[in-house]
Every structure is written in structure tokens, then in C-alpha cells.
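Undergrad: Using only what follows, build the 3D model:
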Amino acid sequence: MRSTFKILFYLKRDKQKANGTIPLFCRITVDGQEARFGMKCDVNPKYWDVKTSKATGRTAEAAKINSLVDTTKAAIYKIYREQQERDNYVTAEKIKNVFLGIDRKQQTLLELFDSHNKERKLHLGITINRSTYSMYCLTRKYLADFLVCQYNQQDISVKEINKQFIVNFETYLLAEYNFSKNYLTGLLKKLRHIIQVALDNEWIYKNPFSDYKLQWEKVDRGYLTQSEVEKLINARFDDKVMEVACDIFIFCCFTGLAYIDVKNLSRENIKSSFNGNQWIRGKRIKCNTDYSIPLMNITKTILEKYKGKTSDNLLLPVRCVQWYNIVLNKIAKQCGINKKITSHLARHTFATLALTKGVSIESVSKMLGHTKISTTQIYARVNDEKISNDMEAFAGKLAAIEEKYSLTK
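TA: Numbering: from 1, shown residues only. So this is what the prediction gives:
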């Protein structure tokens, strides 16, 4: 696609010098975006023709100025054509930088992604889980495809990322892959993080996401009911692998731990509390927030069952999440649970069961390691049982008032 391109030479009249001359400037305009630079040449305004952007008269000075204008214009046109042919994407700033010889290597988007992902890979299982890391890698891949498709480029300077670039990227993902709204938002969130890295390093000074709001659709996260959890507890398996996976899932249903946190659970996480009871204490790997969870009898039993059967000081034999989720769905089928079970469903189940049984949402939030109650509300579902229990407690506290009302009627 051809861009609109203009070159204008003009006198910058607000910079008039003591001798009356005015500096000559060049303005490059591409698709409405401008870049300006001084020509290091001063002109007497009496001998400057605004319409032709040339010096008037037959003096040697006028000839020198006009020669400078012509050679500059020819050089800029040449740079413009070369960039159009090579990148099919031109900006006024890029043309100016090439002309002035300051087109030094800048931080590019995909290079920044690569260095970021390489660094994050070293922290897999420590400060980042594999699914988050995979999302960064996928975002990088989709951006590379988008750059070739949309701009015919292998990479792009982070300075050239603007709101329209983000809009175009989102449109491309919808058209090519028809992703769900939340998955698409997840990819854009990873791009936003990379842009923030560029801002933090002062490679750019304006955030293109500043007026671009990422929106999530509310979805039914799902959970297991108490009777469904009891089916898992009562289940017996001939396959040892299924037994282990079921035990780990049940453990998470009664602690609310996320997969990556239970995978890294060690003896150092078991602490004695003020009342002498055992608690699980630690920091969530995903967001580095504290969590504190009292151990129930069922979770103590599971820990005791696998004591001495793991390595590296870990408490439970948790394998990769892909394997874990596959086995969990086999377990659900065997137990007659008509729901898709994933590792994260246990966390939602814990929150919903705890809330249903009267645990305050503030306590649930603390145990889950959330910093905002609004996050906990996504996990903890207020179901009919919770409403019924609350109303029974409410009615009990108002029994005396109800009785007085009955006596007056």
C-alpha cells in the first residue's frame, strides 16, 4: 500500500537571528505524520519564495541554497523509495533518521521478545509457570507472522508501535484464527508487558496501550460440588497413576493451591501456627503474593501417604500439567462426573466450597493469595446452598422478632 508523502522546505520564523536571517528547515510528511530537521542554512526572508520553496534572485547565495534544497529533496525521495521497496512500511521519522545518518540499530520488537523469553525460560517453575511462558512464545510467533503479512517486515522498532499497530494486530488475530475474546486478550496482555519493558528501559517514551483497554469476558469458571468431590474421595483405582493424580487434585480442593504451587510444595512450606496447628505458608509463584492455609485432616493424610516417596524435598509427586489434566479427565469419566476437569478447577472448587460452608470471603481471599476481593469473587461461586445457609443463619438471629410479629397477629 502506497503512503502519502510530501517534502516541504520552509523558514522557521520564530528563530530569526540578530542579522535578520532565518534558519531553513525541512519537513517530511508520511500519512499525516511529520518529522522535521534543520538544514544548517540561514536565509534572508526577503529572498525566499514560499510557493516554490526556493530562494529568489541570481546571487551565488541563492544558487547555493537552491542546490542544497534540490539535493536534499532528491536524497529524501531516494530513501523513501528504498524503504517502500524493502519494508513496504515507511514513516517520516525513519526517513529523517536515515538521511541524517542516525539510523543506528534500535531495539526491535521481536528481539525484545526473544531476550525476554530467554530470560523467563531460566525461571520456569520458579517465578513463571509453563503455560504463561508458552503464551509469551505464542505471542511472539503471531507477531512475527503479522509483521510479514501486514508490513512485509521481519521485525519492527519498538518506537514504531502505536495504537493502530495494536488494533491491526488484534484484527489480524481475529481474522486468521478466530480466537476467543479472553484468549485474544491474553495474547495482547503479553504484548503489553513487552511494551512496558521497553518503557522501563527508556527505549520508548509513550505507551501505545495507555488508551487501549484490554477487556475480558466474564465466563463460567466451573467447580465441583461437594457430592462430586466425595465421588473422587471414595473412588478406587487399579491404575497407580490415576490414584496419584486424584490424590493431588483432592489435596488442591482442600487447600486451594494452584498447580505450580503444589508442584513446588516442600517441607519448608509446612509451618506451626500460633495455636500449634500445621499450616501451609508460602508465596504464589505466579504473582509472588503470600498465602496461608490451615491443613485439614484429609490434606494431612495425603501428605503422610506420600512421605518419603518424592525427591528434592518435595511433598507430592506432581508431574507435568499436560499429563495431569489428561489423567484428571479419565478420572472424571470413571467417577461419573460429567465435567471437564483441569488442575485449576480444584482451586475454584476450594473457594466455592469454603464460601458455601460459611468461610468469609476475606479469609478465602487470604488463603488463595489474592490481593483483591474482586479476584476471589471470580473463583468463589455463590450458589443456592450458600444462599440457603446464609438465610437460615439470618432467620435464626431474627427468630425473636418473627415470634413477636406472630403474637401480634
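Undergrad: all helices for the stretch 1-150 of the chain, in order.
TA: Along the stretch 1-150 of the chain, counting by DSSP state H, counting those that start in this stretch, helices occupy 60-87, 92-100, 109-121, 130-146.
Undergrad: and the last one, what other elements does it pack with?
TA: In terms of contacts (3 or more C-beta pairs under 8 Å, 6 or more residues apart in numbering; DSSP states H and E), helix 130-146 is packed against helix 109-121, helix 163-177, helix 181-200. The way it works is simple: take the backbone N, C-alpha and C, and place the C-beta from them, glycine included.
Undergrad: Quick one: closest of the helices of the stretch 1-150 of the chain to residue 46.
TA: Each of the helices of the stretch 1-150 of the chain was checked against residue 46 via C-beta to C-beta, and the shortest separation belongs to helix 60-87, namely 11.2 Å.
Undergrad: counting contacts, what elements does that closest one pack onto?
TA: Using 3+ C-beta pairs under 8 Å, 6+ apart as the contact criterion, the secondary-structure elements in contact with helix 60-87 are strand 5-11, strand 22-30, strand 33-43, strand 54-55, helix 92-100.
Undergrad: which outside residues touch the third one?
TA: Right, strand 33-43. Residues from elsewhere that reach strand 33-43, judged by C-beta atoms under 8 Å, 6 or more residues apart in numbering: 9, 11-12, 17, 21-28, 55, 65, 68-69, 72, 91-93, 95-96, 99-100.
Undergrad: Got the domain ranges for this protein?
TA: Residue ranges of the domains in the chain are recorded as 5-100, 109-200, 226-391, according to automatic domain parsing.
Undergrad: Give the ChimeraX command for selecting the buried subset of the contacts of strand 33-43.
TA: Buried residues within those, by 16 or more other C-beta atoms under 10 Å, are selected in ChimeraX with:
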select :9,11,21,22,23,24,25,26,27,28,55,65,68,69,72,91,92,93,95,96,99
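Undergrad: so where's the stretch 51-200 of the chain shaky on pLDDT?
TA: Low-confidence regions of the stretch 51-200 of the chain, defined by pLDDT under 70, span residues 87-88, 102-105, 125-126.
Undergrad: how about a cut-off of 80?
TA: 86-89, 101-106, 124-131 (pLDDT under 80).
Undergrad: next one: the stretch 301-409 of the chain
TA: Residue ranges of the stretch 301-409 of the chain with pLDDT under 80: 311-312, 368, 371-409.
Undergrad: Could you pull out the helices in it for me?
TA: 321-334, 345-356, 361-368, 373-379, 384-397, 399-408.
Undergrad: Excluding covalently adjacent residues, which one is nearest to residue 267?
TA: residue 313 (5.7 Å; C-beta to C-beta, 6 or more residues apart in numbering).
Undergrad: Looks like that neighbour contacts residue 269 (just checking).
TA: No - the pair formed by residue 313 and residue 269 falls short of the contact definition of C-beta atoms under 8 Å, at 10.1 Å.
Undergrad: between those two, who's got more neighbours?
TA: When neighbours are counted by other C-beta atoms under 10 Å, residue 269 comes out ahead of the other of residue 313 and residue 269, with 18 against 9.
Undergrad: Distance-wise, check the residue nearest to residue 267 relative to residue 304.
TA: Using C-beta to C-beta, to the nearest Å, one gets 16 Å for the distance from residue 313 to residue 304.
Undergrad: ok, now residue 58?
TA: Relative to residue 304, residue 58 is positioned 102 Å away (C-beta to C-beta).
Undergrad: Neighbour count: those two, which is higher?
TA: For residue 58 versus residue 304, neighbours defined as other C-beta under 10 Å are more numerous around residue 304 (9 against 6).
Undergrad: Near residue 258, how many other residues are there?
TA: A count of nearby residues for residue 258, using other C-beta under 10 Å, gives 21.
Undergrad: contacting residues around the residue lying closest to it once chain neighbours are set aside?
TA: Sequence neighbours aside, residue 347 is the residue nearest to residue 258 in space, at 5.7 Å (criterion: C-beta to C-beta, 6+ apart). The contact partners of residue 347, taken as C-beta under 8 Å, 6+ apart, are 252, 256-258, 368, 379.
Undergrad: How about residue 273: what's its closest non-neighbour residue?
TA: If you skip the residues right next to it in sequence, residue 273 has residue 279 as its closest partner in space, 4.8 Å away by C-beta to C-beta, 6+ apart.
Undergrad: show me the contacts for residue 303.
TA: Residue 303 sits next to 251, 270, 295, 315-316 when contact means C-beta under 8 Å, 6+ apart.
Undergrad: can we see that at 6 Å?
TA: The neighbours of residue 303, taking C-beta atoms under 6 Å, 6 or more residues apart in numbering as the test, are residue 315.
Undergrad: quick one: it from residue 169, how far?
TA: Applying C-beta to C-beta, one obtains 46 Å for the distance of residue 303 from residue 169.
Undergrad: Same check on residue 347?
TA: Using C-beta to C-beta, which is the criterion applied here, residue 347 is 31 Å from residue 169.
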